[in-house]
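In: got a structure for you, letters missing:
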């Protein structure tokens, strides 16, 4: 959506932004600035006045003139608001991970069936079975190791082979030692060895820093106990045959895992994070519009009892919070992918931070959700709310989902779809936060003089929406720094003529940096 153009007028009585980190203002009036720049102000098309707009760029930035226009009033135009809302609605209806997950399940089922068929043909060889008598272990290994993603398959294969090698080697040594001892000594020695190995392996499975090797420790634990007993009573070669079959099954699983179409955990991470951001955007917009329009949400008890259908806010909270465990597993599995390790543009830690920041936005909606499901019985909407708070809240309701959709696109594709538009949306959101903070203060002072029904609840919800908007802006900044290698170069979006005009305008108006 094109954002440059004429400044749209505010509603009469819109407060001027205070000088703050969110909305610094030009010390001179707009008329003086225009006269010094060599321009004449055109008469307004309506009685409403155009207030001074916040500057959120450096003095020499080519987008300083555009940034001066990044006020919530720009998005209060019915046309602009409808266009941006329809665009974000189109993005929020997409479910990249849900639709991909269904296709992946089909591919994984076909891949596993083909791998089991190959392993079965290999193990049905009469000569092999007559020698080893452990052929079924290859088929069992294929079923256990072949996972939906490459990273998960590699992790389980490496862990299973490593655990089996260590356990088989230790079991062979234990069996050979026991064979040279009398039974009165061999039995206590075997029991002591099993106790020590079981304790060490179980201890390792509880160490968080060893999470990538927990499966190897678990395999080593019960494989050693199993093979040590076999080595004590039977031939030592049974441990070697088991190791051979497990290794063969792991090789078959890895071969089928790398066959196209490849399913990578790194792609799963991007899609899950993108979908969570889209669900959060839908929840934020639903909460804002519900409050602005004065609607009442059904109680959580009615939703849990099945009396009413779950709304967008409750469903988004449920889905985003419950996605934490599979997301963490996908991040751990992506560590094992060669493509991810060599060409990744975002570390596991950064992905975890982005997911945590998105969940914090949803956590912040809990208090807002409680207030809207338990409204004040005497709450009423007066003229002060309609003229002061409603336009600012509508701006937040449009800008927050737009930024979250940009973050979703960052997550899914590794780059911004429209870096210039996202930067403008971020600046507009900062301006909207500053204006809403000022308006809430004036609204509270006005309510003390002329009491408005439910004004305390309105102020509380407005402050919660400000906190949510700040979290959204922080998430956008974190995603922009982490996923994009460099910040978008907004200079190239303007022509040389625009750059010259903007530099002259900034120099003449002495725009102050943030």
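Out: The structure has been received and is ready for your questions. Here the structure is a predicted model, which is why all the values come from computation and not from measurement.

In: Chain neighbours aside, what residue packs nearest to residue 240?
Out: Leaving aside its sequence neighbours, residue 240 sits nearest to residue 168 (CB to CB, 6 or more residues apart in numbering; 6.8 Å). C-betas here are computed from N, CA, C, even on glycine.

In: Contacts only, for the one you found.
Out: Residues near residue 168 by CB atoms under 8 Å, 6 or more residues apart in numbering: 223, 227, 239, 240, 242, 243.

In: ok, and what's touching stretch 149-166?
Out: 141, 144-147, 212-220, 223-224, 242-243, 246-247, 250, 253-254, 257-258, 262-266, 268, 329-330, 332-337, 340.

In: Helices of the stretch 51-200 of the chain, residue ranges please.
Out: Along the stretch 51-200 of the chain, counting by DSSP state H, counting those that start in this stretch, helices occupy 64-68, 78-92, 96-123, 126-132, 136-145, 150-179, 183-204.

In: for the stretch 251-400 of the chain, that is, sorry about that
Out: Along the stretch 251-400 of the chain, the segments classed as helices by DSSP H, counting those that start in this stretch run 265-292, 300-304, 312-322, 324-334, 338-343, 348-373, 383-384, 390-413.

In: related to what we said a few turns ago, filter the contacts of stretch 149-166 down to the buried ones.
Out: Buried residues within these, counting neighbours by 16 or more other CB atoms under 10 Å: 141, 144-147, 213-220, 223-224, 242-243, 246-247, 250, 253-254, 257, 263-266, 268, 329-330, 332-337, 340.

In: ok, the residue nearest to residue 240 to residue 237 distance?
Out: Using CB to CB, to the nearest Å, we find residue 168 at a distance of 11 Å from residue 237.

In: With residue 218 instead?
Out: 25 Å.

In: cool, and residue 113?
Out: 32 Å.

In: These two - which one has more neighbours?
Out: residue 237 (13 against 10; other CB atoms under 10 Å).

In: what number of residues lie near the residue nearest to residue 397 when sequence neighbours are not counted?
Out: The spatial neighbour of residue 397 that comes closest, neighbours along the chain excluded (CB to CB, 6+ apart), is residue 288 at 3.3 Å. Residue 288 has 24 neighbours, counted by other CB under 10 Å.

In: So what does residue 308 have for phi and psi?
Out: phi -130, psi 160 (degrees, to the nearest 10).

In: That one contacts residue 302, correct?
Out: Yes. Residue 308 is within contact range of residue 302, at 4.8 Å (criterion: CB atoms under 8 Å).

In: Now name the helix or strand holding the residue nearest to residue 175 when sequence neighbours are not counted.
Out: Distances taken as CB to CB, 6+ apart put residue 231 closest to residue 175, at 2.7 Å, once the chain neighbours are dropped. Using DSSP states H and E, residue 231 sits in helix 214-233.

In: for that helix, what is the average pLDDT?
Out: Averaged across helix 214-233, the pLDDT comes to 84.

In: Name the surrounding residues that touch it.
Out: So helix 214-233 is contacted by 155-156, 158-160, 162-164, 166-168, 170-172, 174-176, 178, 186, 190, 193-194, 197-198, 201-202, 204-205, 210, 238-239, 242 (CB under 8 Å, 6+ apart).

In: Return a PyMOL selection command for the buried portion of the residues you listed.
Out: In PyMOL, this line selects whichever of the contacts of helix 214-233 come out buried by 16+ other CB under 10 Å:
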select buried, resi 155+156+158+159+160+162+163+164+166+167+168+170+171+172+174+175+178+186+190+193+194+197+201+204+205+238+239+242
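
In: closest to residue 384 among the contacts of residue 168?
Out: Distance to residue 384 across those (CB to CB) is lowest for residue 223, with 72.9 Å.

In: how close does the closest one get to residue 212?
Out: 19 Å.

In: now residue 294
Out: 52 Å.

In: buried ones in stretch 469-483?
Out: 469, 470, 471, 472, 473, 475, 476, 478, 479, 480, 482, 483.

In: ok, now which ones touch the closest residue to the fourth one other than its chain neighbours?
Out: Right, the one you point to is residue 472. Nearest residue to residue 472 in three dimensions, chain neighbours excluded: residue 400, at 4.8 Å (CB to CB, 6+ apart). Residue 400 is in contact with 281, 284, 285, 288, 429, 468, 469, 472, counting by CB under 8 Å, 6+ apart.

In: Tally up the residues packed near residue 356, please.
Out: For residue 356, using other CB under 10 Å, the count is 13.

In: My guess is residue 425 contacts residue 403. True?
Out: Yes. If you go by CB under 8 Å, residue 425 and residue 403 touch, sitting 5.4 Å apart.

In: which ones are touching residue 140?
Out: Contacts of residue 140 by CB under 8 Å, 6+ apart are residue 249.

In: Could you chop the protein up by domain?
Out: 71-93+266-509, 107-257 (automatic domain parsing).

In: Listing request: residues of the stretch 101-250 of the chain with sub-threshold pLDDT.
Out: 126-135, 234-236 (pLDDT under 70).

In: again but with the chain, I slipped
Out: Along the chain, segments meeting pLDDT under 70 span 1-100, 126-135, 234-236, 338-348, 374-382, 414-420, 447-454, 483-514.

In: give the contact list for residue 324.
Out: Residue 324 neighbours (CB under 8 Å, 6+ apart): 355, 359.

In: distance of it from residue 360?
Out: Between residue 324 and residue 360 the distance is 12 Å, computed by CB to CB.

In: circling back: next, find the distance separating the residue nearest to residue 175 from residue 171.
Out: For residue 231, the distance to residue 171 - CB to CB - is 5 Å.

In: neighbours around residue 300, how many?
Out: Neighbours of residue 300 under the rule other CB under 10 Å: 14.

In: can you check residue 177 too?
Out: 16.

In: got it, and the one 5 residues further on?
Out: Other residues lying near residue 182 total 8 when counted by other CB under 10 Å.

In: Backbone dihedrals for it, both of them.
Out: The phi/psi pair for residue 182 (degrees, to the nearest 10) is phi -70, psi 160.

In: how close does residue 222 get to residue 197?
Out: 10 Å.

In: er, residue 212 I mean
Out: For residue 212, the distance to residue 197 equals 20 Å [CB to CB].

In: ditto for residue 443
Out: 69 Å.

In: Likewise for residue 220?
Out: Distance from residue 220 to residue 197, counting by CB to CB: 7 Å.

In: repeat for residue 226
Out: Going from residue 226 to residue 197 by CB to CB gives 12 Å.
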